[in-house]
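*Asks:* When you get a sec, could you give me coordinates for this:
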Amino acid sequence: MFATEVVGVTSCRTIAGAWVWVSAVLLLAANVRGAAPASELLLPDTTKLYVRAASLDRLLTNFDKSHLGRFWNGAEMTEFVQHLRALPQMFWTRGERNVGTTCDELRQLAAGEASLATVVFTKDHSASIFLAQVDGRESGARELVTNAIKRLASGGATHAQRAVAGTAVDVVSLRPEKGARRQTVFFVRDGVLGISGDMELVGIVLSRWGKPEGSLSRLGAYRDIMDRCAARAEGVVPDLSWYCDPVQLVTRMRTRETDDEDEVGESARRHGFDGIRGVGGFVHFDDGGLVRHRTVIHAPPPFRSSLRMLSFPPGGDSQPVDWVPSDVSSYLSLSIDVGNVLEHCAAAYDDMIASGAQGTFDGLLKDLRAADGPGVDVKSDLVAHLQDRMELIGRPTVPVSETSEGSVAVFRTHDEPKVAAAVERLMQDDPGATRIRLRGHQQALWKIGEDAEAGSAEGPLKLISSGIMVTRGCLLFANNYESIRSLLTSPAAKTPLSGSAAFRRLNEALAGHRADDVVLRSFSHTDRDLMTSFELLRLGKTEDAEAKYVRWIEGLLAAACGGDSGDVAFKRLPKFESVRHYLGTSGMVGSAHENGWLLEGVLLPPEPK
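*Replies:* Residues are numbered from 1 along each chain as shown. Modelled structure (predicted):
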């Protein structure tokens with residue numbers, strides 16, 4: 001379930017090494033000391049993205065000890081990693097051209113925390129700044145700036161020095177790129193080195209010196225997130241901490257990439273999702289190779305519009321149903337008020353699924369209720385008989401194809417016969433539905449849609465049929481009907497997931513939560529969960545892929561490449577079988593609080609052979 005965590009963190013070594021480049025990344029740090037002010041006090045409360053490292057040496061050392069570090073640094077990945085590092089459009093290469101120094105030079109200089117922040121001024125204007133504590137090494141910092149200016153000047157840049165808020169600021173005007181003016185601004189003050197591409201942002205930071213009012217540290221959403229994470233960390237300093245305003249950040253990125261109107265931001269606000277004021281958290285790499293992370297979603301009530309769907313009543317049984325086999329790739333249990341979702345999802349459905357055609361969702365429900373149709377009232381005949389819990393089971397099929405990553409959604413029922421009767425009425429007269437009988441099950445598996453051959457001659461049968469079934473006191477939905485068949489007939493069902501050693505080990509690592517407070521629990525065999533996306537990328541079969549991590553990985557690399565990841569040669573990836581032994585299990589537990597939700601997770605190394 002959480003290969004996202006794996007891919008993101010396994011990229012940590014490369015990203016952390018590239019962090020120094022103001023154009024897109026974060027940087028370095030050693031132990032915080034001296035009088036240099038913390039970056040959260042220098043940044044304004046209009047900061048929309050903030051990432052901070054307390055000690056790069058500790059971060060990289062612990063990362064290298066972890067199973068993720070061994071995965072990323074292993075000989076099997078060398079060709080692909082070297083290929084990424086050599087791409088000229090990658091942010092670290094562009095950063096070196098713009099900053100005029102190297103990552104190693106900055107790492108040697110660092111004496112404390114380092115951070116990267118993005119501040120949004122208007123829809124069309126945002127800027128980033130890198131701040132690093134160099135307390136006791138100010139002369140070295142000034143020498144680094146001098147050398148950087150010389151290197152940039154050799155490429156045609158011009159240099160001027162200004163005084164801003166009593167601080168000497170070096171402004172380097174770079175050659176225009178695509179008609180746009182570019183600059184790099186340096187300053188050293190009170191043990192802090194600052195680098196930015198925006199003079200206005202530098203002026204704001206310098207004018208804020210010694211004035212905590214109006215700083216990021218006083219922003220309500222940020223403060224709540226950091227304080228809650230710190231309380232759970234019990235004094236352990238995070239290797240990495242981060243914060244973002246998700247709606248503002250996504251809006252800015254989308255607008256910059258497309259030059260269109262603020263469609264994403266307007267849609268988010270229209271549906272109430274701007275009620276999520278902030279998201280952030282801590283990441284720890286411990287000496288034993290375990291990765292622990294905490295994420296807080298700051299969304300104080302009241303909610304409005306579609307955001308009211310997010311109702312997660314605490315309590316109930318968050319453990320897997322006893323027939324879920326131990327060989328699934330992932331499992332998620334979410335406490336959710338299904339009736340509440342049905343009541344408040346119409347506007348979002350019409351806008352995002354029906355391309356803005358208002359009334360589509362309500363019209364669909366009306367058609368299903370009609371006497372000349374199935375005659376099913378979804379609310380009273382179906383949803384009213386479901387418990388307030390959804391379980392999502394990852395069940396990929398093999399061999400790997402564009403649709404082999406199957407997911408099965410499971411809803412436990414209060415009254416299986418009534419739910420089965422409603423499904424029967426929905427499906428029996430549907431010309432696109434096919435009844436399939438499974439041995440040992442009274443109700444049929446309904447296959448919805450037709451199979452089609454995959455576009456590639458090398459590919460296996462491409463399954464496009466979804467599925468629905470009522471059995472064992474549950475209602476099952478799947479994006480691939482074969483996932484339901486394989487789930488119910490798995491030989492591994494003799495050892496249920498809830499009784500497996502891997503599941504028990506993960507639960508022990510996530511202990512410390514009252515069962516009545518838990519609204520979410522997840523588990524992932526990371527190697528199985530990542531396999532489909534990894535192989536589809538390697539084979540170049542991602543165009544029509546339904547694998548859940550493919551788009552995320554491609555988007556991450558596109559951002560790293562300045563919007564164009566077309567030159568990334570995924571074919572240089574090794575076969576997944578050669579690297580899967582590095583990966584273990586991962587999972588999370590989620591609970592609600594008065595201002596939102598807290599997620600705590602771990603990534604465990606594989607069991608010793």
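*Asks:* which residues of the chain score low on pLDDT?
*Replies:* Scanning the chain for pLDDT under 70 picks out 1-35, 92, 251-265, 451-464, 492-493, 544-546, 562-565, 609.
*Asks:* who's in contact with the closest residue to D274 other than its chain neighbours?
*Replies:* Here the nearest residue to D274 in space, its sequence neighbours aside, is V247; by Cβ to Cβ, 6 or more residues apart in numbering that works out to 4.9 Å. C-betas here are computed from N, CA, C, even on glycine. Applying Cβ atoms under 8 Å, 6 or more residues apart in numbering, we find V247 in contact with 265, 268-269, 273-274, 276.
*Asks:* Separate out the buried members of those residues.
*Replies:* Buried residues within these, counting neighbours by 16 or more other Cβ atoms under 10 Å: 265, 268, 273-274, 276.
*Asks:* could you redo these as JSON lines and give each row distance to M469 and secondary structure?
*Replies:* Compiled in JSON lines, the buried ones among the contacts of V247 are given as follows (distance: Cβ to Cβ, whole Å; DSSP: H, G, I helix; E, B strand; the rest coil):
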{"residue": "G265", "distance to M469": "40", "secondary structure": "helix"}
{"residue": "A268", "distance to M469": "35", "secondary structure": "helix"}
{"residue": "F273", "distance to M469": "33", "secondary structure": "helix"}
{"residue": "D274", "distance to M469": "39", "secondary structure": "helix"}
{"residue": "I276", "distance to M469": "35", "secondary structure": "coil"}
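*Asks:* Reformat the residues you listed as JSON lines; add distance to R181.
*Replies:* JSON lines is the format used below for the buried ones among the contacts of V247 (distance: Cβ to Cβ, whole Å):
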{"residue": "G265", "distance to R181": "26"}
{"residue": "A268", "distance to R181": "31"}
{"residue": "F273", "distance to R181": "35"}
{"residue": "D274", "distance to R181": "32"}
{"residue": "I276", "distance to R181": "35"}
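*Asks:* just curious, which of those is nearest to G220?
*Replies:* I276 (13.5 Å; Cβ to Cβ).
*Asks:* Quick check: the residue nearest to the closest one when sequence neighbours are not counted vs H293, distance?
*Replies:* Nearest non-adjacent residue to I276, counting by Cβ to Cβ, 6+ apart: A299, 4.6 Å away. Separation of A299 from H293 (Cβ to Cβ, to the nearest Å) stands at 19 Å.
*Asks:* Comparing the two, which residue is more hemmed in?
*Replies:* A direct count of neighbours by other Cβ atoms under 10 Å for A299 and H293 places H293 higher, at 23 against 20.
*Asks:* Ramachandran coordinates for the more buried one?
*Replies:* Main-chain dihedrals, H293, degrees, to the nearest 10: phi -140, psi 150.
*Asks:* and if you look at the one 5 residues further on?
*Replies:* Dihedral pair for H298: phi -100, psi 110, per degrees, to the nearest 10.
*Asks:* do E138 as well
*Replies:* With angles defined as degrees, to the nearest 10, E138 sits at phi -60, psi -40.
*Asks:* how close does it sit to A168?
*Replies:* Counting by Cβ to Cβ - E138 and A168 are separated by 12 Å.
*Asks:* for A560, same thing?
*Replies:* 33 Å.
*Asks:* of those two, who's got more company?
*Replies:* Each of A560 and A168 has its neighbours counted (other Cβ under 10 Å); A560 has more, 23 against 14.
*Asks:* you'd agree that one is up against F91?
*Replies:* Yes - assessed by Cβ atoms under 8 Å, A560 is found in contact with F91 at 5.2 Å.
*Asks:* show me where the stretch 351-500 of the chain has strands.
*Replies:* 386-394, 407-413, 433-436, 445-448, 452-453, 461-462, 466-471, 474-478 (DSSP state E, counting those that start in this stretch).
*Asks:* Please read the previous query as pertaining to the stretch 151-300 of the chain.
*Replies:* Under DSSP E, counting those that start in this stretch, the stretch 151-300 of the chain gives strands at 158-164, 167-177, 180-189, 192-196, 240-244, 278-285, 291-298.
*Asks:* possible to save those as JSON lines with distance to L537?
*Replies:* What follows is these, written out as JSON lines (distance: least, Cβ to Cβ, whole Å):
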{"stretch": "strand 158-164", "distance to L537": "43"}
{"stretch": "strand 167-177", "distance to L537": "30"}
{"stretch": "strand 180-189", "distance to L537": "32"}
{"stretch": "strand 192-196", "distance to L537": "33"}
{"stretch": "strand 240-244", "distance to L537": "26"}
{"stretch": "strand 278-285", "distance to L537": "25"}
{"stretch": "strand 291-298", "distance to L537": "23"}
